[in-house]
Structures are given as structure tokens and as C-alpha cells.
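**Q** The sequence isn't on hand, but the structure is:
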């Protein structure tokens, strides 16, 4: 059996979660509703990203934007070890607005694998936000977050083309607005004005996921946010639209590496 170690240290800043992982596990296509930035510490992996297939090795900073479909496949023997920070969208936007001295900050990580010298800034932020035994160090957290995102802004790649047909956007919004409710492919296709088969192909082309896979991702994000607020896994499974708690547990572990109960504890304030 391969190695699958995932830890979620508590963090000193609300809206930021941390993961420490060492695993030979391959992650299927999925997405996050937060910004993610991390550091590969050992081994290597390849992954689909918003900018195509990329490879990351030890010492490389890896990033993902909210809603960006990606996966993760280890390269070579022994898997890989990495650390990640996941940042709520509002935190990143507020920080970017401050850096750019504008009322509103718009931002996306330009490089899914970043070979610029951001590793030291990531290490500083990770150390600061996971040092929960020093509650008076919130100023250090603020400073290191600012410096990391300022560094990520220094070089901006050409923006990706992310526009989807309006009909697909409407169907996608229906799922986004209430992912816990039951959906039928025929209803979504009718809303998009397409046959079911054409809708299925167009939705997958526009989002990188089938409608059902996208729905499950939205339900997982809904569950994650509820767990972070202290809701019990049993209540979350029901309110987020999962068939039962075991269904939630299975999908949550597959995506986040830890059980809903462990995530709830790590997110406790």
C-alpha cells in the first residue's frame, strides 16, 4: 500500500487553511473555491492546469485559482511531499486591492508551476500562519501574506480565455446557486436550449467537468464551508445534498485528503 499522509495544522488566520502531505496518490480532476499556493518539498508530479499540462519538482511553487479544474499525478517512485495554503477569495482580493491601491483587486495566479523565487516567501507565510502558539504574531501573518502576493503579481502572464457560451453559463449558475438540490440532465439541457448529449459535451468542454462531477464539486465546497463554521459532518451531509454521511466522507477524503471531522477540527477557531 502506498503512502497517504495528510495533516491539516490549525492556522492563526481565519480564511486560510493549511495542508501538509506526503503521498503517492493520484488525484482525479477537481477544483477548489479558494486560491491555492504551495511548495513541492520532495519528488515530482504532473498535473492538468488552466494552462495545460505542467510538471512540478522539489523546490517549485505550485498554484491554483478558484474554479480551475486540475488533477495531480506523482512522477517516479515514492510519491511526493508538499505543503499548501488555501486562501479565501475575499482575503486575496482585499490584499491585491491594497497592493495595487485600488478599491477592488482582481487577480489570478499566472503560473501553475512557478520557478520564480517565491519559495522563501511561501515558507515565511506558512510558518507564520501555522504558528498558533504565538497568537500575538498576527502582524507577521499580515506582512508575509502581503509579500507573497506582491511577489506573485510581479509578472503577469496573458490572461486565459475563460468565457463559456451564455447557455452553459446559465446552467452552471443554476448549479452554483443551489448545489444541494436535485438536478436532472434533461432540465439543465432544456435550460441551455440543447439536446442532452450536446449539452453534456458543451458543458464538459467549457468547464473541464461533466455536469454531475461539477455538481459534486459544488457540494464539496458547500460542505467545506459549513464544516469550517463548526457544523457536524452528519448535518453537513444532509444540508449539502449528499446521500448520506459515508458518501460525504468518501468524496471529501478523495479531494482533501482528510475526513470531514478532521477538517472541522483543523478549522476550529
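**A** It's in. These numbers come from a predicted model, not from an experiment. Residues are numbered from 1 along each chain as shown.
**Q** Going along the chain, name the strands of the chain.
**A** 4-7, 16-23, 27-30, 35-49, 52-57, 61-64, 70-87, 113-114 (DSSP state E).
**Q** Indicate which one of those is closest to residue 229.
**A** Shortest distance between residue 229 and these, using Cβ to Cβ, is found for strand 16-23: 12.9 Å. C-beta here means a position set from N, CA and C on the backbone, and glycine is covered the same way.
**Q** so what does the closest one touch, helix or strand wise?
**A** Secondary-structure packing of strand 16-23 (3 or more Cβ pairs under 8 Å, 6 or more residues apart in numbering; DSSP states H and E): strand 4-7, strand 70-87, helix 119-129.
**Q** TSV please, covering those and showing mean pLDDT and mean neighbour count.
**A** Below are the helices and strands packed on strand 16-23 laid out as TSV (pLDDT from 0 to 100; neighbours: other Cβ atoms under 10 Å):
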stretch	mean pLDDT	mean neighbour count
strand 4-7	87	14
strand 70-87	94	18
helix 119-129	93	19
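**Q** just to revisit the earlier point, in CSV: the strands of the chain, plus distance to residue 93.
**A** Shown next, in CSV, are those (distance: least, Cβ to Cβ, whole Å):
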stretch, distance to residue 93
strand 4-7, 28
strand 16-23, 14
strand 27-30, 23
strand 35-49, 9
strand 52-57, 25
strand 61-64, 16
strand 70-87, 10
strand 113-114, 20
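**Q** quick one: which of those is nearest residue 196?
**A** strand 27-30 (21.4 Å).
**Q** And the closest one, what does it pack against?
**A** Identification of packing neighbours for strand 27-30 by 3+ Cβ pairs under 8 Å, 6+ apart yields strand 70-87, helix 245-256.
**Q** could the ones you listed go into JSON lines alongside distance to residue 59?
**A** Listed next are the helices and strands packed on strand 27-30 as JSON lines, based on distance: least, Cβ to Cβ, whole Å:
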{"stretch": "strand 70-87", "distance to residue 59": "11"}
{"stretch": "helix 245-256", "distance to residue 59": "25"}
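**Q** The strands of the chain: which one's closest to residue 98?
**A** Per Cβ to Cβ, nearest to residue 98 of the strands of the chain: strand 70-87, 14.3 Å.
**Q** Pretty sure residue 219 sits against residue 241.
**A** Yes - contact criterion Cβ atoms under 8 Å: residue 219 and residue 241 qualify, at 5.1 Å.
**Q** low-scoring stretches of the stretch 101-250 of the chain, by residue?
**A** 104-105, 134-137, 154-164 (pLDDT under 70).
**Q** can you pull out the helices in it?
**A** Ranges of helices within the stretch 101-250 of the chain are 119-129, 138-153, 166-177, 185-192, 196-207, 211-228, 233-239, 245-256, based on DSSP state H, counting those that start in this stretch.
**Q** Need the winner for burial among these.
**A** The highest average neighbour count among the helices of the stretch 101-250 of the chain, using mean count of other Cβ atoms under 10 Å, belongs to helix 211-228 at a mean of 21.
**Q** residues touching the residue positioned nearest the centre of the chain, list them.
**A** With distances taken as Cα atoms, centre = their mean, residue 32 lies nearest the centre of the chain, 2.8 Å away. Residue 32 sits next to 64, 66-68, 86, 221 when contact means Cβ atoms under 8 Å, 6 or more residues apart in numbering.
**Q** mind running it again at 7 Å?
**A** For residue 32, the contact set (Cβ atoms under 7 Å, 6 or more residues apart in numbering) comprises 64, 66, 86.
**Q** Same check on residue 174?
**A** Contacts of residue 174 by Cβ under 7 Å, 6+ apart are 188, 191.
**Q** That one and residue 229, how far apart?
**A** Distance check for residue 174 against residue 229: by Cβ to Cβ, to the nearest Å, it reads 25 Å.
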